[in-house]
Structure formats: structure tokens, C-alpha cells
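Asker: Fold the following, please.
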Amino acid sequence: MNEIFTLLSFGDMGWGDEIALGVVMTVSLALASLPIGLLLGFLLALAKKSEEPSLRAAANIYTTIFRGLPELLTLFLVYYGGQILIQQVLALFGEFYFEVNAFLAGMIALSLVFSSYASEAFLSAFRAINKGQYEGANALGLGYVQTMRLVILPQLVRLSLPALSNLWLILLKETSLVSIIGLADIIRYSNMAARTTKEPFLFFAVACAIYLVLAIISSGGISRLDAWAKRGETPR
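Answerer: Numbering: from 1, shown residues only. Below is the predicted model:
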């Protein structure tokens, strides 16, 4: 037991500080990807419900691609493909070397995948809102932006929150994929510790416990957010 505490301690003798840094990196990556994915998903949903056929087609192609590709393959395409593309562009202006940051590549890849699923959640929420509310807002003299901000968005958040909550938990777990391209997250540090100490079960069990704790904390936050979103509902 003392050996386990030593291995998990902070300082030169243990791996506690490295794993803590991995937790910070994992949560930071998920939180950085979330707003980008939500914004892209919302815009995709608007495009899908647009009367312009080209916008609908482009949004459907986007979601089909990123929902169909494995997340790991999307990550590789962004990390390696993005680096090759940037290098070729820079070659036009001379000899330059550019390396894509693992955190940035992971954030972009996860945001692309998240947005493709979030768009369906937003689209379903849009379809659940009665068209009469748009007409009522128009009758009150509200413009499109005011209608979206004051009438539609509050309901959109409430209706799409259950699906988006599940997507957040999936996003949190998918951050582990980015360790493959060198990001120092929970999985990477746990793997390093397991290989160095020859204690794979201990460190991967700790990683499992950390992800479970993050999921529990997220569930608590989601419950509070759900209660806030439903604060204006009439009790039945």
C-alpha cells in the first residue's frame, strides 16, 4: 500500500503531479472544443433549415462526412493533412517549417465531429418549436435577431440540452484520442507511468477513476443547467 501511495504522490518519487497536469490538459481541451462545436453546430442547423438548397446541401454533406468518419481518422487528417497543406502554402513564399500543435489539431478535430452531431440536436429542437411563435414575434415587431435571442434561443437551449449533455460526455472521453499525436493528457501520462513503473493496472485504474469523477461532476453541472433552463416552465 505504501508503494502505491509513493507512486501516486507528488514530487520526484511519484507521478501525481504529471497526472494532475494531464487532467488539466484533458479538461482544457474539452472546454476549448465545446464552444466552437456548439457554434458550428448551431450554424449548421440554421443552414439545414434554410430555404436555400445550396446551404442545406453543404450542411448535409458536412455532417455526413464527419459523422461517418472515425474520430481518430478525423484527428489524423487534421494533424497530418493540415501540416502538409500549410507547408505547401508556405513553400510558395520560401523555405519555412511549420508544425501543427497537437492541442490545436485536437481542438479542431473534436470540434468538427462534435458540431456534426450537435447540428442534429439543434435541428430537432428547432423543429419542436411551433411556427406560431415566429409569427407572434413578428407581430410584436421583433426582427429576426431579436426573435432568435428573446424567443427561440431560450427554448432551443431547453429542448436540445439532453442531447447536448450526452455529446459533452462523449467529447470528454474522446479527448483521450489526442494522446496518440503527443498531447500530454491523462491517458498519455498514465501510459508513461505504467511503462516506467511496470504497474499498468494501477495507473490505468487511476485514469478510469479520474474520467468517472469528471463524468460525475459534469452530470451535476448539467443537472443545474437543466434546472436553470426549465426555470420558466409551469409545473404540471
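
Asker: hey, let's count contacts and neighbours off CA atoms from now on
Answerer: OK.

Asker: Determine the longest helix present in this protein.
Answerer: Looking across the chain with DSSP state H, the single longest helix is helix 16-48.

Asker: Can you name the element that comes right after it?
Answerer: helix 53-68 (DSSP states H and E).

Asker: For whichever helix or strand comes after that following helix, buried residues please.
Answerer: Next along the chain after helix 53-68, taking DSSP H and E as the criterion, comes helix 71-76. By 16 or more other Cα atoms under 10 Å, the buried positions in helix 71-76 come out as 71, 72, 74, 75, 76.

Asker: any chance of those residues in CSV, plus pLDDT and distance to residue 131?
Answerer: Output for the buried residues of helix 71-76, formatted as CSV (pLDDT from 0 to 100; distance: Cα to Cα, whole Å):
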residue, pLDDT, distance to residue 131
71, 92, 36
72, 92, 40
74, 94, 37
75, 93, 39
76, 93, 42
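
Asker: Report pLDDT for the residue lying closest to residue 121 once chain neighbours are set aside.
Answerer: Nearest residue to residue 121, sequence neighbours excluded (Cα to Cα, 6 or more residues apart in numbering): residue 160, at 5.5 Å. Per-residue pLDDT puts residue 160 at 90.

Asker: Look up how far residue 123 lies from residue 156.
Answerer: Distance, residue 156 to residue 123, by Cα to Cα, to the nearest Å: 9 Å.

Asker: Where do the strands of the chain begin and end?
Answerer: Applying DSSP state E to the chain gives no strands.

Asker: what residues are up against the nearest residue to residue 147 once chain neighbours are set aside?
Answerer: Among residues not flanking residue 147 along the chain, residue 137 sits closest, at 6.0 Å (Cα to Cα, 6+ apart). By Cα atoms under 8 Å, 6 or more residues apart in numbering, the contact list for residue 137 reads 143, 147, 151.

Asker: among the residues you listed, which ones are buried?
Answerer: 147, 151.

Asker: Mind putting the contacts of residue 137 into a markdown table with pLDDT?
Answerer: Converted to a markdown table, the contacts of residue 137 look like this (pLDDT from 0 to 100):
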| residue | pLDDT |
| --- | --- |
| 143 | 80 |
| 147 | 81 |
| 151 | 79 |
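
Asker: Any stretches of this structure with poor pLDDT?
Answerer: 1-2, 5, 95-97, 232-236 (pLDDT under 70).

Asker: Okay, helices next: where are they in it?
Answerer: 2-7, 16-48, 53-68, 71-76, 82-91, 102-128, 131-139, 144-147, 153-174, 186-197, 200-229.

Asker: Give me whichever of the ones you listed is most buried.
Answerer: helix 102-128 (a mean of 23; mean count of other Cα atoms under 10 Å).

Asker: From the contact counts, what lies against it?
Answerer: If you count contacts as 3 or more Cα pairs under 8 Å, 6 or more residues apart in numbering; DSSP states H and E, helix 102-128 packs onto helix 16-48, helix 53-68, helix 71-76, helix 153-174.
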